[in-house]
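Undergrad: could you work out the structure for the sequence below:
(one chain, ligands or ions: 3)
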Amino acid sequence: MDVDLVQLESSLWVGKKRYRAALTEWHLNWTELDKKNRDKTVSVPVSEIVAVEEGHVEVLPQRSVSEDTDRDFTVFYVKRSSNGSSYGLLWRLGRTQFSCPSRDLRDQWMTQLRIALKTHSPSRPHRLLVFINPFGGKKQGREIYHSLVAPLFELAGVSSHVVVTERANQARDHILKKDLTGFDGVVCVGGDGMFSELLHGVIGRTQQEAGLSEHDPSLQSCDLHIGIIPAGSTDCVCFATVGVNDPVTSALHIIIGDSQPLDVCSVHHRSSLVRYSVSLVGYGFYGDVLAESERHRWMGPLRYDYSGAMVYLSNRSYAGLVQYLPADPQLSNPRDNTRCLSGCSVCSKSTERLFPHSPDASSNYISHFSQFSSDSEGDWVSVEGRFKAVSLTCMSSSCPRSPLGLSPSAHLADGTGDLIIVRDTHPLGFLTFLHRHTSTQDQFDLPFVDVHRVKAVRFSLPPGEKEDEDEERETVNGGGMAEEGERTSRSGSQHHLVERGEERGMANDRRKKDLCGLCCSKPPSVSVWNCDGEILPHTEILCRVHGQLVRLYARGMEDGSATPTRK
Ligand SMILES: CCCCCCCCCCCCC/C=C/[C@@H](O)[C@H](COP(=O)(O)O)NC(=O)CCCCCCCCCCCCCCC
Ligand SMILES: Nc1ncnc2c1ncn2[C@@H]1O[C@H](COP(=O)(O)OP(=O)(O)O)[C@@H](O)[C@H]1O
Ligand SMILES: [Ca+2]
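TA: Numbers count the residues shown, from 1 in each chain. Ligands and ions are numbered 1, 2, ... in the order given. I've put the predicted structure just below:
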């Protein structure tokens with residue numbers, strides 16, 4: 001065990017009270033020297049100190065040095081506070097002003113604290129590339145960044161280059177093509193769609209530089225960290241990796257250089273990459289909700305509830321064949337009632353498996369996915385039938401709408417995803433399933449629901465509904481990724497992702513034959529896939545889970561953060 005050696009200890013004043021302050025290797029502690037309050041010690045981990053400044057310094061609402069005495073210093077640090085609601089811990093900027101008996105002692109404290117920060121917080125970012133989507137969520141991205149985040153970055157000495165996006169996919173293309181020398185990480189101010197742009201940019205860029213093809217089963221893990229300042233509609237990735245959707249909390253995780261590895265699912269059509277996903281790849285209900293919600297974007301975040309109700313009332317189900325490659329049932333299972341919390345042991349064991357020779361998990365690796373080449377067809381399990389919803393999620397996908405998420409026991413970084421199959425059922429049954437997402441009741445404890453922990457999933461249509469060749473060609477020429485048509489290959493990159501609008505257009509065209517909105521008398525026989533809030537242009541897909549492919553500035557949900565658990 002590490003011994004927490006004392007580096008500096010002295011008697012200091014905070015306001016009118018005298019404290020015994022001690023800086024150890026890992027903590028800064030101060031205890032009031034008043035007999036009654038002896039055990040009232042404040043202890044701040046060095047890794048959670050945001051900044052140390054000379055004098056009495058204020059930062060909010062504006063930076064000011066109120067009294068510049070040469071015996072004082074101010075320490076800024078992470079302070080946890082309850083959310084006021086039933087879940088999540090908010091992080092706030094704590095500030096304590098210390099007064100020393102002499103200038104010499106003040107200088108010693110400043111020096112020691114700065115050394116401690118350098119030594120014990122080596123992964124803090126120095127320079128960040130920030131993308132703001134001015135139209136995400138309630139359209140407050142710019143204001144959120146400039147009033148709540150930028151002052152904290154400045155205080156912590158993090159410099160940033162800010163790009164306010166003017167079009168969809170600008171952030172992704174910037175990461176794929178521009179010089180990123182000197183940046184430690186990329187940050188988005190927006191929702192899950194903006195995060196997805198950064199995800200595609202970072203993964204694509206990493207493969208380009210490693211000389212790998214994104215269509216192959218093996219991908220190289222990414223060095224560049226991703227930060228999310230939540231300013232979107234669902235903000236599921238932020239919520240599930242931080243525990244709360246709060247710009248200040250996320251900014252503080254970025255500043256202290258927290259690192260949370262994350263599993264990523266690659267979605268393929270006929271052996272070509274279509275997109276990546278971290279939260280939801282969903283067919284049936286979630287696909288229909290997304291398709292419907294795009295027509296009501298003007299409603300803002302409420303569009304999902306409105307469209308959810310409309311789609312629910314249309315009471316659809318779809319035929320198909322779902323196949324999956326089960327994960328090792330010895331390691332964990334989706335109904336074991338555990339929660340993936342900060343420092344999760346299931347995810348740590350997975351890190352050891354994925355990085356067997358590296359004491360430092362930050363070094364790159366190439367995941368070889370032997371299961372895709374060597375596992376025989378016989379290892380795949382098939383389920384054929386009519387489904388209300390087929391969903392794959394690499395993590396719990398908790399969000400304010402569903403605090404425990406699509407799969408409450410899923411792990412952020414264990415190299416597996418959870419496949420949730422909801423077979424056709426009566427409307428009340430399906431409503432019960434949906435409603436259980438909003439409470440602690442088990443949504444998998446229903447006779448028409450199955451959940452499996454998987455490494456890969458395939459979906460195909462019944463023979464009568466196959467995606468025909470003509471349609472395929474139409475899709476490719478329309479800008480899809482399936483083949484290297486002239487519009488699909490982007491110069492200087494292996495990226496073939498289609499633009500959002502085109503993608504949606506194609507997918508919706510595909511359904512026009514049998515679908516005219518929700519009022520149609522003939523129910524559609526084919527749904528669309530919702531891939532983290534994007535409609536996929538194909539119905540028949542293969543998904544592979546890549547363990548810990550990217551890293552976020554986060555640490556997972558913290559224990560004791562009053563996250564609800566199942567009864
Ligand atoms: C009866 C209440 C039912 C509540 C059901 C809640 C299920 C919540 C699952 C949330 C999964 C989230 C996965 C994340 C997806 C996001 O990537 C993605 C993009 O987000 P962005 O716009 O911020 O960029 N978001 C989505 O695709 C949104 C999916 C949201 C589905 C919400 C469905 C609401 C259903 C309401 C049903 C109401 C039935 C009423 C009957 C009269
Ligand atoms: N300047 C822009 N104009 C239009 N669309 C944009 C712009 N910047 C980003 N986008 C796109 O908007 C979509 C939604 O953004 P997001 O930030 O996720 O908000 P929301 O959560 O409300 O959907 C993203 O998929 C992103 O690609
Ligand atoms: Ca996982």
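Undergrad: pull out the buried positions in the helix or strand containing residue 451.
TA: Taking DSSP states H and E as the definition, one finds residue 451 inside strand 449-460. Of the residues in strand 449-460, 449, 451-460 count as buried by neighbour count, 16 or more other C-beta atoms under 10 Å. Yep, even glycine has a C-beta here, placed from its N, CA and C like the rest.
Undergrad: try stretch 327-338
TA: Neighbour counts over stretch 327-338 (16+ other C-beta under 10 Å) mark 327, 332-334, 338 as buried.
Undergrad: confirm for me that residue 425 is in contact with residue 448.
TA: Yes - counting by C-beta atoms under 8 Å, residue 425 touches residue 448, with 4.1 Å between them.
Undergrad: hmm, back to that, now the strand holding residue 451 - C-alpha only, PDB.
TA: Below are the C-alpha coordinates for strand 449-460, written out as PDB (Å, rounded to 0.1, in the frame of the first residue of the first chain):
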ATOM      1  CA  VAL A 449     -38.400  -9.500 -23.200                       C
ATOM      2  CA  ASP A 450     -35.000 -11.200 -23.500                       C
ATOM      3  CA  VAL A 451     -31.600  -9.700 -22.800                       C
ATOM      4  CA  HIS A 452     -28.200 -11.100 -23.700                       C
ATOM      5  CA  ARG A 453     -24.600  -9.900 -23.100                       C
ATOM      6  CA  VAL A 454     -23.000 -10.100 -26.500                       C
ATOM      7  CA  LYS A 455     -19.800  -9.400 -28.500                       C
ATOM      8  CA  ALA A 456     -21.600  -9.100 -31.900                       C
ATOM      9  CA  VAL A 457     -25.100  -8.900 -33.400                       C
ATOM     10  CA  ARG A 458     -26.500  -9.500 -36.900                       C
ATOM     11  CA  PHE A 459     -29.900  -8.500 -38.200                       C
ATOM     12  CA  SER A 460     -31.500  -9.700 -41.400                       C
END
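Undergrad: where's residue 253, which helix or strand?
TA: Short version, using DSSP H and E: residue 253 is in helix 247-255.
Undergrad: can you give me the buried ones in that helix?
TA: 247-255.
Undergrad: with adjacent residues omitted, what lies nearest to residue 392?
TA: Nearest residue to residue 392 in three dimensions, chain neighbours excluded: residue 281, at 4.4 Å (C-beta to C-beta, 6 or more residues apart in numbering).
Undergrad: what of residue 269?
TA: residue 538 (4.1 Å).
Undergrad: so that neighbour sits in a helix?
TA: No - assessed by DSSP: H, G, I helix; E, B strand; the rest coil, residue 538 does not belong to a helix; its assignment is coil.
Undergrad: wait, it touches residue 529, no?
TA: Yes - contact between residue 538 and residue 529 holds when scored by C-beta under 8 Å: they sit 7.4 Å apart.
Undergrad: looking at those two, which is more packed in?
TA: Between residue 538 and residue 529, residue 529 has the larger neighbour count (other C-beta atoms under 10 Å), namely 30 against 25.
Undergrad: and the more buried one, what does it touch?
TA: Going by C-beta atoms under 8 Å, 6 or more residues apart in numbering, residue 529 touches 267, 281-283, 287, 535-536, 538-539, 541.
Undergrad: setting aside sequence neighbours, what's the nearest residue to it?
TA: Excluding the flanking residues, the one nearest residue 529 by C-beta to C-beta, 6+ apart is residue 536, at 3.9 Å.
Undergrad: likewise residue 150?
TA: Closest residue to residue 150 apart from its sequence neighbours, by C-beta to C-beta, 6+ apart: residue 160 at 7.4 Å.
Undergrad: what distance do you get for the one you found to ligand 2?
TA: Distance of residue 160 to ligand 2, given as C-beta to the nearest ligand atom, to the nearest Å: 18 Å.
Undergrad: which ones are touching that residue?
TA: Residues counted as contacts of residue 160 (C-beta under 8 Å, 6+ apart) are 127-130, 150, 153, 187.
Undergrad: assign a three-state SS to residue 149, would you?
TA: Three-state assignment for residue 149 (three-state DSSP): helix.
Undergrad: got the phi and psi for the residue nearest to residue 269?
TA: In terms of degrees, to the nearest 10, the main-chain angles of residue 538 are phi -130, psi 160.
Undergrad: any idea how far it is from residue 281?
TA: According to C-beta to C-beta, to the nearest Å, residue 538 stands 12 Å off from residue 281.
Undergrad: ok, residue 329 next?
TA: From residue 329 over to residue 281 (counting by C-beta to C-beta), the distance is 22 Å.
Undergrad: in this structure, what residue comes closest to ligand 3?
TA: Ligand 3 sits closest to residue 263 of the chain, with a gap of 4.0 Å, by C-beta to the ion.
Undergrad: wait, isn't that residue in contact with residue 276?
TA: No - counting by C-beta under 8 Å, residue 263 does not reach residue 276; the two are 10.6 Å apart.
Undergrad: and stretch 176-195, C-alpha only, in PDB?
TA: What follows is stretch 176-195, C-alpha atoms only, in PDB (Å, rounded to 0.1, in the frame of the first residue of the first chain):
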ATOM      1  CA  LEU A 176     -10.300  13.900 -39.700                       C
ATOM      2  CA  LYS A 177      -8.500  16.500 -41.800                       C
ATOM      3  CA  LYS A 178      -6.900  19.300 -39.900                       C
ATOM      4  CA  ASP A 179      -3.600  19.500 -38.000                       C
ATOM      5  CA  LEU A 180      -4.200  18.500 -34.400                       C
ATOM      6  CA  THR A 181      -0.600  18.900 -33.200                       C
ATOM      7  CA  GLY A 182      -0.500  20.200 -29.600                       C
ATOM      8  CA  PHE A 183      -4.100  19.200 -28.700                       C
ATOM      9  CA  ASP A 184      -4.500  16.800 -25.800                       C
ATOM     10  CA  GLY A 185      -8.200  16.300 -26.400                       C
ATOM     11  CA  VAL A 186     -11.400  17.400 -28.200                       C
ATOM     12  CA  VAL A 187     -14.500  18.700 -26.500                       C
ATOM     13  CA  CYS A 188     -18.000  19.100 -27.700                       C
ATOM     14  CA  VAL A 189     -20.600  21.500 -26.400                       C
ATOM     15  CA  GLY A 190     -23.800  19.800 -27.600                       C
ATOM     16  CA  GLY A 191     -25.800  16.600 -27.400                       C
ATOM     17  CA  ASP A 192     -25.300  12.900 -28.400                       C
ATOM     18  CA  GLY A 193     -25.200  13.900 -32.000                       C
ATOM     19  CA  MET A 194     -22.300  16.200 -31.500                       C
ATOM     20  CA  PHE A 195     -20.500  13.600 -29.400                       C
END
